[in-house]
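Q: okay, sequence plus prediction incoming.
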Amino acid sequence: MKNRIEVCFSPRDFDLYKEGFEIIVVIDVLRATTAICAGLANGVKAIIPVDSIEKALDYKEQGYLVGAERKGQIVEGFDFGNSPYSFMNTKFIDKEVVLTTTNGTKSIEISKYSGQIVIGSIVNLEALTNWLVKQNKDILCLCSGWQDKFNLEDSICAGAIADILIKSGKFYSDEDSTISAKYLFQQAKTNPFGLLKASSHRRRLKNLNLNKDIRYCLTPNQLKVVPILKDGKLILLNEE
Ligand code: 3SL
């Protein structure tokens, strides 16, 4: 029997989609889920996602390294933000760090009781889909979007996941959102930078001089990691 793969375009729609899935893939390509993949691939022991500045401050007072981003910028008083490059620092190796972001960590928070959370991005697409295809479970891709709005980069990434899983012959989809995401991916795959040139968040980050981050986030399959949420912490999936 085939399993289901579906796409939810925004955290705002999550309640409409959430029933019946065993795995939720949280996606925030620019930049939260890419930064999480980069951190764990570069030796961070665990990333604790929190959805508010208050919770982040609590951890900071306990002595944790804490990253906080709002509207693309580092929140004053915190150690770092949401750039994948900030996690490539030896001071993070073997540490548990805390992260709060505008959209990505909020998606994790709202979905964490609805299924097993795993982290998806363009940088770990291949590793993630290789693992998902073997799970025999119903899967929902949750796009983080931007402040509850649809965004192109998360939708294209979700479309890629759906396309790969459906082509494996082990998955089917019912929802029009999933069909649309697949079409977007098919349009984007020959020239992802071209299609994403117009995207609102790419423009937002470009205006903040974050072109290097954008390139990193949109470079497929550079990381062989699958981050998974266990006991409130994102860690690397250990496939025995
Ligand atoms: O919203 C988020 O989670 C962020 O990834 C947004 S930003 O890329 O840091 O602007």
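A: In hand now; what should we look at? Fair warning: this is a prediction, and the values are worked out from it, not measured in the lab.

Q: what does the host helix or strand of residue 110 rub up against?
A: Here residue 110 is covered by helix 104-111, with elements defined by DSSP states H and E. Residues outside helix 104-111 that contact it (CB atoms under 8 Å, 6 or more residues apart in numbering): 11, 14, 18, 24, 26-28, 31-33, 36, 49-51, 82, 99, 117, 142, 144, 229. Placement of C-beta: from N, CA and C, glycine included.

Q: let's see 7 Å
A: Outside of helix 104-111, the residues within contact range by CB atoms under 7 Å, 6 or more residues apart in numbering are 11, 14, 24, 26, 28, 32-33, 49-51, 99, 117, 142, 144, 229.

Q: per-residue confidence for residue 74?
A: Per-residue confidence for residue 74 comes out at a pLDDT of 95.

Q: ok, now residue 24?
A: Per the predicted model, pLDDT is 98 at residue 24.

Q: and it, what does it touch?
A: 111, 114, 115, 117, 140, 142.

Q: and the fifth one, that's in a helix?
A: No. Secondary structure of residue 140 (DSSP: H, G, I helix; E, B strand; the rest coil): strand, not part of a helix.

Q: pLDDT value on the residue nearest to it when sequence neighbours are not counted, please?
A: Closest residue in space to residue 140, ignoring its immediate chain neighbours: residue 21 at 4.0 Å, by CB to CB, 6 or more residues apart in numbering. pLDDT recorded at residue 21 is 98.

Q: my read is that residue 21 contacts residue 138, right?
A: Yes. Applying CB atoms under 7 Å as the test, residue 21 and residue 138 come out as touching, 4.9 Å apart.

Q: between the two, which one's more packed in?
A: Per other CB atoms under 10 Å, whichever of residue 21 and residue 138 has more neighbours is residue 21, with 23 against 16.

Q: helix, strand, or coil at that one?
A: Residue 21 ends up coil, using three-state DSSP.

Q: mind checking how far it is from residue 153?
A: Distance, residue 21 to residue 153, by CB to CB, to the nearest Å: 22 Å.

Q: what does residue 52 give?
A: 24 Å.

Q: which one's more surrounded, those two?
A: residue 153 (30 against 13).

Q: which non-adjacent residue is nearest the more buried one?
A: Nearest non-adjacent residue to residue 153 (CB to CB, 6+ apart): residue 29, at 4.1 Å.

Q: contact partners for that neighbour?
A: Counting by CB under 7 Å, 6+ apart, residue 29 has contacts 121, 122, 153, 154, 157, 217.
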